[in-house]
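Q: what's the 3D shape of this:
(2 chains)
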There are 2 protein chains.
Amino acid sequence: MPTLRLALCQVNPTVGDLSGNADLVRAWTRKAADAGAQLVAFPEMMLTGYPVEDLVFRRSFVSASKAALERLAADLAADGSGELPVLVGYLDADGPPQVSGDAEPGRGARNAAALLHRGRIVATYFKHHLPNYGVFDEDRYFVPGGTLTVVRVGGVDVALTICEDLWQVGGPFAAARQAGVGLVLNINGSPYELNKDDIRLPLVRRRAAEARAAIAYVNMIGGQDELVFEGDSMIVAADGELLARAPQFVEHLLVHDVDLPAATETSGPDTELADGLRVVRHAVEAVPALPDGPAATGGIIAPVADEAEVWHALVLGLRDYVDKNRFPSVVLGLSGGIDSAVAGALAVDALGPDRVVGVSLPSQHSSEHSREDAADLAKRTGLDYRVEPIQPMVDTFLANMSLSGVAVENLQARVRGVILMALSNQEGHLVLTTGNKSELAVGYSTLYGDSVGGFNPVKDVWKTLIWRLATWRNAEATRRGETPPIPESSIGKAPSAELSPGQLDSDTLPEYDVLDPILIGYVDGDLGREGLVASGHDPAVVDRVLRMVDTAEYKRRQSAPGTKISMKAFGRDRRLPITNRWREDG
Amino acid sequence: MPTLRLALCQVNPTVGDLSGNADLVRAWTRKAADAGAQLVAFPEMMLTGYPVEDLVFRRSFVSASKAALERLAADLAADGSGELPVLVGYLDADGPPQVSGDAEPGRGARNAAALLHRGRIVATYFKHHLPNYGVFDEDRYFVPGGTLTVVRVGGVDVALTICEDLWQVGGPFAAARQAGVGLVLNINGSPYELNKDDIRLPLVRRRAAEARAAIAYVNMIGGQDELVFEGDSMIVAADGELLARAPQFVEHLLVHDVDLPAATETSGPDTELADGLRVVRHAVEAVPALPDGPAATGGIIAPVADEAEVWHALVLGLRDYVDKNRFPSVVLGLSGGIDSAVAGALAVDALGPDRVVGVSLPSQHSSEHSREDAADLAKRTGLDYRVEPIQPMVDTFLANMSLSGVAVENLQARVRGVILMALSNQEGHLVLTTGNKSELAVGYSTLYGDSVGGFNPVKDVWKTLIWRLATWRNAEATRRGETPPIPESSIGKAPSAELSPGQLDSDTLPEYDVLDPILIGYVDGDLGREGLVASGHDPAVVDRVLRMVDTAEYKRRQSAPGTKISMKAFGRDRRLPITNRWREDG
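A: Numbers count the residues shown, from 1 in each chain, chains lettered A, B, ... in the order given. A predicted model of the protein is given here:
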């Protein structure tokens, strides 16, 4: 039984940065060679970054991706890594991209993988199962591949697959079994999602059973706009045993020796396989010999607990958004409340205190403890702290206009937004906004006020989870003997927008421990009114909450819609139409 | 040869308003009956409105759509319209919606049509070709139908089809020919796009030839968020002759007598047809007799010229956005420039002068002619005119912060945004923002400043088209003997943001007659740098413009992105990634 030393390179590519991503491949291939690897794999769309979205429709980008792949093959050989077969995801096309229904059937852009060896492209594979749900739009961009690519490497037949191929029954994994392979390589751009790590390992095990083969799963890490990739690369034996597993949210080289069945002369029929796939076979002439010495073992890192996982995801997402967009620093308003405290602590963890400016923006309604808590956060974390009182500006507006009620409340939040944007223009910071998912869902925020900003690190975090994260982060600091970053009083106080005297969130909203479970059912779970009531929620509260969510859609889409007169208007949002007259509560 | 009197109901449904849409069907069926119609057709997804987007994933919404269809069939019979067969688009499902790759293959939500007769559903059809490009995401929401539904009506075999079925070669139209039908009904929710009317008629003619049958094409009208539907319903004979054509952008009942071939006992084989479709045949027992008297002729309305067409589209899109969302009125800033003047004139055409508030927001940099032109527009149109000087507020910010350069310029635009939002909160108006597509493309606007607003009627209009629209609208007024709404000096003056002394757009941007053709090629045409240079554009200007477009993506996505940790975060934008390091200019 041959042994192959696999190297899975869990790295952090950037969308569009073809040369930077190629440099990553060269550097990590060198590391893999130094570790004695015989077969190296990088993530899905490694060369282009993932997801490339409408870049697919630029012919010049597709050409640049293909040219970068050829150059990479040559550069790897020039680097002295040419003997080592390297699997790399890239963007290919065998026809014009699928921009309308009139495109040529079966031809178009491809989500592709190429095996590079001795300066050449030895084999390519086109992703078969294209995801088109949730954050994925691959039916829009790609056409599915119709072949199973099998490469003989070091005497073992290895099938190449990409991401979603793993998530659907049938297709390449079933075909791999029919083709009699010993190993399936699966390269991924699989976005982080709460608890996804808990379903990934059982899924890989099921596919190993379906393919009757070992599976090597490599995923990227890093933030790309709203997505964050977590890594969690792993190797599972044909019998389902977990052999090696990489940590989450950090770059990592997972090197492990795997015993694999030797390929026989004709490992299987070259006829039509599962899902109409046809097998195409290639061979890598020779791979480096397995080095003498002890076997390489990658080790097994267990996934971390929920709060730690979310915290690391948010830190990585924020850091990469700032750095990949080349912002020098961030600025955010500090109210003394829990949301901005958590956002500030995340920013300091992501960027260091020298790249974070926190601004206290007190009004006449700001309590003394709010100002103290904001200052306390700054002291604990070391961020650059400023105070900009808003009352003079608010008073000038009030003296020149006749405003009352909610118009006056919102005015204060908008003056804060103007100040933060002025600091951004003057000093170059990216403005962070800090509304949590519960607020955003029910529209409890000021349009063009506290919602002003270029990135929101806690946008997808329910309020009750914000509290759990704060508690976890402080406990983690204590455990490490460091100062807990978040003031205890920011965690413990009753939430308030402080836009009118004595105002509390609970004047307007149900308590968050009542609100959040309803929101989670409605938004994340697609439960309807009946389902929520059947789950035990008070029908009157359910009706009130659903009405708030349905009418808040307008606020969530701040980039003003406008009538389209062409196919290429800018910035259309999807999901939940604004002019929705249908409501669960009738 | 039988004659059928067809009635195509070109009406304006609203997404989610099941009972209101059903009422529309009942009212227009009565009109069709009064006109002696024998077969009536309503647009795609008539009952639910189009597009329903993520409402598809709410089981309760799917159930409500199906229940509304049953109720409508009964109500039509109760109305005395039961003898008249009525084709209605609706949302159906024969399995859970396709929310992930794990859904049951071949089952899910359906973009459906039902033929109602004598209180019952006589036949249903599921859309076969699902569009998934441009504004369409139907692969995400629906599974394709696999049958061709043929109904014998008044002795004629009629095939039912939906929208995209018409736009692709093969499929239902090829199958209709094999099934030997005399007429294909095609119901649509086909969004307006500049010049689409010029390709629609030739397309319908090609499909008539493919099906060897007459085609009755009915499209909705109305605005739905960013989309606007134009109508342009028509009837084309099997030989390609245009028999009748409805006007654009207005509700219309198109009634026309069509001579059609009599169905034979077995019109064709019931075996597998083109694209794997299977034919399913139904019959409508009897239809009302053709009334005595002259034949009904729908007439042929020629499409209007480009400027008229765009103007009507923008007026309809704005009116429906305001009315379907139930805003009482709109407010917009009037700078005296061409963009706000055109937006103001559009708003008055859409809503009447009593529902439009125009606010002049002068600063120390506002020229005398700007103030006069704003007042002149108000006088010409009769809108509610106010003046709110911004200098006191700007000065207070400047006295309390150390700002310079672009931070000061943007401050003025942001103070204007705060004032407009305060008026919105105080008085209930929807704020209109008025940046044109050229400005938005290159990022020549102030984030949270002039971009503040809930709807932008000229968002998808290039600057050079704005001028053409203004000239057309004034000429149209003159032709009608009315006062031209737009001041001539707003049309003639050099564009300026007036945020610093003597500032002109041309200080920062190429002249618009140079800029717009490059933008149109890059954005609408997906041309790359090489293609633009080959079209004769100056390479240095091309590089400058492409760099502006690529870096302005950040401004176009004002709803701050944030790291997703779940599949159901709110408001993810698509198209053109922000952190895009690949540029055409290298």
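Q: Report pLDDT for the residue in the stretch 401-550 of chain A positioned nearest to chain B.
A: Closest residue of the stretch 401-550 of chain A to chain B, C-beta to the nearest C-beta: A:Lys459 (2.6 Å). Where C-beta positions appear, they are placed from N, C-alpha and C, glycine not excepted. The model reports A:Lys459 with a pLDDT of 90.
Q: is it true that it touches A:Glu439?
A: No - assessed by C-beta atoms under 8 Å, A:Lys459 is found out of contact with A:Glu439, at 9.9 Å.
Q: picking that back up, how many other residues sit next to the residue of the stretch 401-550 of chain A closest to chain B?
A: A:Lys459 has 27 neighbours, counted by other C-beta atoms under 10 Å in any protein chain shown.
Q: And it, how close does it get to A:Ala343?
A: Per C-beta to C-beta, to the nearest Å, A:Lys459 is found 10 Å from A:Ala343.
Q: A:Asp92 now?
A: To A:Ala343, A:Asp92 is 40 Å away according to C-beta to C-beta.
Q: which of the two has more neighbours?
A: A:Ala343 (31 against 19).
Q: Using the three-state scheme, assign the nearest residue to the more buried one once chain neighbours are set aside.
A: Spatial nearest neighbour of A:Ala343, excluding adjacent residues (C-beta to C-beta, 6 or more residues apart in numbering or on different chains): A:Thr434 at 4.1 Å. Secondary structure state of A:Thr434, per DSSP: H, G, I helix; E, B strand; the rest coil, is coil.
Q: For A:Thr434, which residues are in contact?
A: A:Thr434 sits next to A:Leu332, A:Gly333, A:Asp339, A:Ser340, A:Val342, A:Ala343, A:Asp450, A:Gly453, A:Asn456, A:Pro457, A:Val458 when contact means C-beta atoms under 8 Å, 6 or more residues apart in numbering or on different chains.
Q: Now with 10 Å, please.
A: A:332-335, A:337-344, A:346-347, A:445, A:450-451, A:453, A:456-459, A:466, B:560, B:562 (C-beta atoms under 10 Å, 6 or more residues apart in numbering or on different chains).
Q: Low-confidence regions, chain A specifically.
A: Judged by pLDDT under 70, chain A has its weakly predicted residues at A:96-105, A:266-270, A:554-586.
Q: longest helix in it, by residue count?
A: helix A:406-427 (DSSP state H).
Q: Wondering if that one reaches chain B at all.
A: Yes - remark: helix A:406-427 sits within contact range of chain B at A:406-411, A:414-415, A:417-427, by C-beta under 10 Å from any C-beta of the partner chain.
Q: For that helix, buried residues please.
A: For helix A:406-427, the neighbour count (16 or more other C-beta atoms under 10 Å in any protein chain shown) marks A:407-426 as buried.
Q: In the stretch 401-550 of chain A, what residue spans correspond to helices?
A: Along the stretch 401-550 of chain A, the segments classed as helices by DSSP state H, counting those that start in this stretch run A:406-427, A:437-442, A:463-479, A:488-492, A:512-519, A:529-534, A:539-551.
Q: wait, which of those helices is closest to B:Pro389?
A: Closest to B:Pro389 of those, according to C-beta to C-beta: helix A:406-427, at 17.0 Å.
Q: Does that closest one pack against any helices or strands, and if so which?
A: If contacts are counted by 3 or more C-beta pairs under 10 Å, 6 or more residues apart in numbering or on different chains; DSSP states H and E, helix A:406-427 sits against strand A:330-333, strand A:356-360, helix A:391-400, strand A:430-431, helix B:391-400, helix B:406-427.
Q: Output it as PDB, restricted to C-alpha atoms.
A: Extracted as PDB, the C-alpha positions of helix A:406-427 are listed here (Å, rounded to 0.1, in the frame of the first residue of the first chain):
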ATOM      1  CA  VAL A 406     -38.500  61.400  16.500                       C
ATOM      2  CA  ALA A 407     -37.000  64.100  14.100                       C
ATOM      3  CA  VAL A 408     -35.100  65.500  17.100                       C
ATOM      4  CA  GLU A 409     -34.000  62.100  18.300                       C
ATOM      5  CA  ASN A 410     -32.700  61.100  14.800                       C
ATOM      6  CA  LEU A 411     -31.000  64.500  14.400                       C
ATOM      7  CA  GLN A 412     -28.600  63.700  17.200                       C
ATOM      8  CA  ALA A 413     -27.600  60.400  15.600                       C
ATOM      9  CA  ARG A 414     -27.200  62.100  12.200                       C
ATOM     10  CA  VAL A 415     -24.900  64.800  13.700                       C
ATOM     11  CA  ARG A 416     -22.800  62.000  15.100                       C
ATOM     12  CA  GLY A 417     -22.700  60.400  11.600                       C
ATOM     13  CA  VAL A 418     -21.500  63.700  10.100                       C
ATOM     14  CA  ILE A 419     -18.800  64.100  12.600                       C
ATOM     15  CA  LEU A 420     -17.500  60.500  12.100                       C
ATOM     16  CA  MET A 421     -17.500  61.000   8.300                       C
ATOM     17  CA  ALA A 422     -15.700  64.300   8.600                       C
ATOM     18  CA  LEU A 423     -13.000  62.600  10.600                       C
ATOM     19  CA  SER A 424     -12.900  59.900   8.000                       C
ATOM     20  CA  ASN A 425     -12.400  62.500   5.200                       C
ATOM     21  CA  GLN A 426      -9.900  64.500   7.200                       C
ATOM     22  CA  GLU A 427      -7.700  61.700   8.500                       C
END
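Q: now the angle between helix B:391-400 and that helix, please.
A: 50 degrees (axes from the mean of the first three to the mean of the last three C-alpha atoms, to 10 degrees).
Q: For the residue nearest in space to the middle of chain A, give me phi and psi.
A: By C-alpha atoms, centre = their mean, chain A has its centre lying nearest to A:Val228, at 1.9 Å. Dihedral angles of A:Val228 (phi, psi; degrees, to the nearest 10) stand at phi -130, psi 140.
Q: Then A:Val250?
A: phi -130, psi 150.
Q: Residue in the stretch 51-200 of chain A with the shortest distance to chain B?
A: Counting by C-beta to the nearest C-beta, the stretch 51-200 of chain A gets nearest to chain B through A:Ser60 (3.7 Å).
Q: How many residues are close by that residue?
A: 16.
Q: what do you get for A:Pro13?
A: Using other C-beta under 10 Å, the number of residues around A:Pro13 comes to 28.
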